[in-house]
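Novice: 3D, please:
(one chain, ligands or ions: 1)
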Amino acid sequence: MFSKEMADLGKKRSTIREIFEYGNTRAKEIGRENIYDFSLGNPSIPAPSAMSEYLRELIENEKPELLHGYTSAQGAENVRISIAESLNRRFATSFNKDNIYMTVGAAAALSIVLKALTEPADEFIVFAPFFPEYRCFIESGAKAKCVVIPPDRENFQINFDEFEKAISENTKGVIVNSPNNPSGAVYSEETIKKLASLLEKKSEEYNHPIFLISDEPYREIVYDGLNIPFVTKYYKNTIVCYSYSKALSLAGERIGYVLVPNEVTNSKDIYAAVCGAGRILGYVCAPAMFQRVVAAFSDSTSDISIYEKNRNLLYDNLSKYGYKMVKPQGAFYIFLKALEEDEHAFCEKAKKYELLLVPGTDFGCPGYVRLSYCVSTSMIEKSLPLFEKLAKDYE
Ligand code: PLP
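Specialist: Coordinates of the predicted model:
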């Protein structure tokens, strides 16, 4: 009568969204100012102010059929040219419009790439802790197997021994996400080189390419002056999934892209498969107005400096109260060790103080909780005494 698998997915909303909805209900009861919602990665800072002016210009002066009409299925040509040029300027690469496919955010980019690559019996490797939707996109979307590498709780970097053991003849790809949601970990150039050389070795051993899918919604959000290596330069079979949701604060506009470099094995066919997957998943022609916007703002970000301030405030104070965590180097999440083994029980206790945290189990890392700090600094300041009380409850 209907797909039970889809109905189950629809009934069991993501835990993050459940908590977000709980926060909304609670806000109606006791006022938004009394809720400390650290659940959702929804940027609190505005998009660059020049963007409003750009949008106004566009709406007033563009022909309506161009403003709201369909673009090419893979995105408007001039938009893809601008994005390729922006990447080339910033990362000394040589991409062109035919390497780029505009999508409805990174979620669609990932769904499309997984669908485009998957053949029967394929497996994709993910490193815990990982963005929980990966499992849905791999298992329910692409009908492939999701192989999880257990977390390295010391520093949330890649556990190479476990990783090497998990690669098999059926491994079609590996998803990496640096800066990472939920741990805030960033992979160094050395790590990317090690990853690339292992994948090259294994691709040769199994006589087929193993693709590296680099999921990069947080590429620009890094701290302490760190530099993020541009992964396509280290491993030829890299496909990038990018999103403008985070660094440009455009999460609700649903815009991003897939990048398939020419160096990728069978690159033209894979780009065609991306177009095919976009077609059958119904993602052709990403939102037209925001294609224009991101093309015009591809070299910019919102004022993301507030996130480093928030990270420092939380990390310094929570450490002082006795919480244990790895200091995040990027993105806008802190992954805390819960103060009791069952992190769900810990999250329930936190709710007593109206602190809304996300349990780590869905990220593949039980015993931990995620705090999203893309919120106002004043909310963090007000929440600190409550975190202190919560810690005292465990003394
Ligand atoms: N990948 C990761 C690691 C994320 O954290 C998110 C969103 O939070 C996404 C993908 C999806 O991003 P988008 O809003 O562009 O669909």
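Novice: for the rest of this, base every contact and every neighbour count on C-alpha atoms.
Specialist: OK.
Novice: which residues in the stretch 151-300 of the chain form strands?
Specialist: Secondary structure of the stretch 151-300 of the chain (DSSP state E, counting those that start in this stretch): strands at 171-176, 211-215, 238-243, 256-259.
Novice: hey, which of those strands is tucked in deepest?
Specialist: Burial of these is given as mean neighbour count (mean count of other CA atoms under 10 Å); strand 256-259 ranks first at a mean of 28.
Novice: after the lowest-mean-pLDDT helix or strand in the chain, next one along is what?
Specialist: The helix or strand of the chain with the poorest confidence is helix 64-68; it has a mean of 86 (mean pLDDT, DSSP states H and E). Downstream of helix 64-68, the next assigned helix or strand under DSSP states H and E is helix 77-91.
Novice: and that next one, what does it pack onto?
Specialist: Packing contacts for helix 77-91, counted by 3 or more CA pairs under 8 Å, 6 or more residues apart in numbering; DSSP states H and E, involve strand 100-103, helix 288-296.
Novice: out of the ones you listed, deepest packed?
Specialist: Greatest burial across the helices and strands packed on helix 77-91, using mean count of other CA under 10 Å, falls to strand 100-103, with a mean of 28.
Novice: show me what the host helix or strand of Lys28 is packed up against.
Specialist: Using DSSP H and E, Lys28 falls within helix 15-30. The helices and strands touching helix 15-30, judged by 3+ CA pairs under 8 Å, 6+ apart, are strand 358-359.
Novice: identify the residues contacting whichever residue of the stretch 151-300 of the chain sits closest to the ligand.
Specialist: Across the stretch 151-300 of the chain, the shortest distance to the ligand (CA to the nearest ligand atom) belongs to Ser243, at 4.3 Å. Neighbour list for Ser243: 105-106, 216-217, 255-257 [criterion: CA atoms under 8 Å, 6 or more residues apart in numbering].
Novice: the same query, at a cut-off of 6 Å, please.
Specialist: Contact partners of Ser243, counting by CA atoms under 6 Å, 6 or more residues apart in numbering, are 105-106, 217, 256.
Novice: please name the bridge partners of it.
Specialist: For Ser243, the beta-bridge partners are Gly256 (DSSP bridges).
Novice: could I get the pLDDT score of it?
Specialist: Looking at Ser243, its pLDDT reads 98.
Novice: measure it to Asn207 for me?
Specialist: Counting by CA to CA, to the nearest Å, the gap from Ser243 to Asn207 is 32 Å.
Novice: and the pLDDT at Arg13?
Specialist: 73.
Novice: assign it to helix, strand or coil.
Specialist: Put simply, Arg13 is coil when judged by DSSP: H, G, I helix; E, B strand; the rest coil.
Novice: contacting residues for it?
Specialist: Contact analysis of Arg13 by CA under 6 Å, 6+ apart lists nothing.
Novice: measure it to Phe20 for me?
Specialist: Here Arg13 is placed at a distance of 11 Å from Phe20 (CA to CA).
Novice: what does Arg292 give?
Specialist: Counting by CA to CA - Arg292 and Phe20 are separated by 31 Å.
Novice: below-threshold pLDDT in the stretch 201-350 of the chain: ranges please.
Specialist: In the prediction, the stretch 201-350 of the chain carries no residues with pLDDT under 70.
Novice: residue numbers of it in contact with the ligand?
Specialist: 215, 217, 243, 245, 251 (CA under 6 Å from any ligand atom).
Novice: wait, the first one touches Asn177, no?
Specialist: When you say that, I think you mean Asp215. Yes - assessed by CA atoms under 6 Å, Asp215 is found in contact with Asn177 at 4.9 Å.
Novice: per-residue confidence at Ile19?
Specialist: So, for Ile19, pLDDT stands at 89.
Novice: residues in contact with Arg80?
Specialist: Lys97.
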